[in-house]
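Colleague: Structural data only, the sequence is not supplied:
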């Protein structure tokens, strides 16, 4: 990553930027937000995520001020619009935990109590469509998403503050037919997914503008880690899910529920090499330099340094 575009902070340096922001979550609340096999300690919340919420809070205030200036300039009534925070990174790197933590923390700030969270999983094509297009082995790659619908969702949020997104079931490994998640006038929307900083080619009609998802983001965060650590976390999580979620007969991976550990690990390693590692190298890592904030995790999942884009 270009050091001229981002400033680097050690965890200790970053923690001092917390200023006087109080701790807003109890240990029990933090425990409930942790992902499978992802330890998140209270000191990390205090040293990493409280300063980050302070930064976002300052950005929200500045964004609202700029919007008022623009509305005054063109002579129209000021209308609030959601501030959009994007979170990107590899599978198994801890994006969902970061997204849940930020949602919980940001909603405690008095200036923006309503914070919603949407993941890009809901914009994956349904399994039948992926199979018809020969994309099941490319699930999670940019071409496996209904980008037009995703861009429409973000455009509606930006224009009116209200939109609906499809619902994805990790149990069924598919879109839930007939269900939608309604996002209605949030102060902040957290938009989390693998390729949110990379996905392009939105509206492709001749003569129409072409957008990428990142055109709608106010701030973007990339969760980074060494590839060897991500691979290990992915394999550990798969084997944990084998003992838990895969035991449910309705799980897409129920056929893996009782296979021997060595066979399960080999199956997970094959998925990692053929799909997730390839996607990481081809699409996800190349988008890292576009992020405003990069959180780097060490082997124990703890954040050890951060990069912040220089404006």
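Modeller: That came in fine, so what should we check first? The structure displayed is predicted, hence computed values, not measured ones. Residues are numbered from 1 along each chain as shown.

Colleague: Sketch out the low-pLDDT regions of this structure for me.
Modeller: Low-confidence segments of the chain (pLDDT under 70): 1-3, 36, 199-210, 311.

Colleague: Which residues belonging to the longest strand along it are considered buried?
Modeller: Counting residues, the longest strand in the chain under DSSP state E turns out to be strand 174-184. Under the neighbour-count criterion of 16 or more other CB atoms under 10 Å, strand 174-184 has 174-175, 181, 183 buried. Just so you know, the C-beta spots here come from the backbone N, C-alpha and C atoms, and that holds for glycine as well.

Colleague: Kindly report the same for stretch 99-113.
Modeller: 99-107, 109, 112.

Colleague: Please apply the same query to stretch 33-40.
Modeller: 33-35, 37-38, 40.

Colleague: Please convert the residues you listed to JSON lines, extending it with distance to residue 259 and secondary structure.
Modeller: Listed next are the buried residues of stretch 33-40 as JSON lines, based on distance: CB to CB, whole Å; DSSP: H, G, I helix; E, B strand; the rest coil:
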{"residue": "33", "distance to residue 259": "31", "secondary structure": "helix"}
{"residue": "34", "distance to residue 259": "27", "secondary structure": "coil"}
{"residue": "35", "distance to residue 259": "24", "secondary structure": "coil"}
{"residue": "37", "distance to residue 259": "19", "secondary structure": "coil"}
{"residue": "38", "distance to residue 259": "24", "secondary structure": "coil"}
{"residue": "40", "distance to residue 259": "30", "secondary structure": "coil"}
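
Colleague: Report the two of the residues you listed separated the most.
Modeller: Greatest spatial distance in those: 33 and 37, 14.1 Å, computed using CB to CB.

Colleague: which residues of the stretch 1-150 of the chain fall in strands?
Modeller: Per DSSP state E, counting those that start in this stretch, the stretch 1-150 of the chain carries strands over the ranges 6-10, 83-89, 115-119.

Colleague: Can you tell me which of those is most buried?
Modeller: Highest mean neighbour count of these: strand 83-89, a mean of 27 (counted as mean count of other CB atoms under 10 Å).

Colleague: got JSON lines for the strands of the stretch 1-150 of the chain, with distance to residue 277 too?
Modeller: Shown next, in JSON lines, are the strands of the stretch 1-150 of the chain (distance: least, CB to CB, whole Å):
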{"stretch": "strand 6-10", "distance to residue 277": "25"}
{"stretch": "strand 83-89", "distance to residue 277": "14"}
{"stretch": "strand 115-119", "distance to residue 277": "21"}
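
Colleague: Of all the ones you listed, which one comes closest to residue 293?
Modeller: Closest to residue 293 of the strands of the stretch 1-150 of the chain, according to CB to CB: strand 6-10, at 8.8 Å.

Colleague: mind listing what that closest one pairs with, with the direction of each?
Modeller: strand 303-309 (antiparallel) (DSSP bridges).

Colleague: For the strand it pairs with, buried residues please.
Modeller: Buried, per 16+ other CB under 10 Å, within strand 303-309: 303, 305-308.

Colleague: For that strand, report the contacting residues that lie outside it.
Modeller: Strand 303-309 is contacted from outside by 1, 5-11, 14, 44, 48, 55, 291-298, using CB atoms under 8 Å, 6 or more residues apart in numbering.

Colleague: ok so, going back, which one of the buried residues of stretch 99-113 sits closest to residue 134?
Modeller: The closest of the buried residues of stretch 99-113, once distances to residue 134 are taken by CB to CB, is residue 99, at 30.8 Å.

Colleague: which ones are touching that closest one?
Modeller: By CB under 8 Å, 6+ apart, the contact list for residue 99 reads 87, 117, 119, 190, 192.

Colleague: and whatever helix or strand the fourth one lives in with strand 83-89, angle?
Modeller: I take that to be residue 190. Element membership for residue 190, per DSSP states H and E: strand 188-192. Counting by axes from the mean of the first three to the mean of the last three CA atoms, to 10 degrees, strand 188-192 lies at 20 degrees to strand 83-89.

Colleague: Okay, now the sheet partners of strand 188-192, with direction.
Modeller: strand 83-89 (parallel), strand 115-119 (parallel).

Colleague: can you put the ones you listed in TSV and add distance to residue 74?
Modeller: Shown next, in TSV, are these (distance: least, CB to CB, whole Å):
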stretch	distance to residue 74
strand 83-89	20
strand 115-119	28
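
Colleague: mind putting the buried residues of stretch 99-113 in TSV, distance to residue 72 included?
Modeller: Listed next are these as TSV, based on distance: CB to CB, whole Å:
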residue	distance to residue 72
99	34
100	37
101	36
102	31
103	31
104	34
105	32
106	27
107	29
109	25
112	22
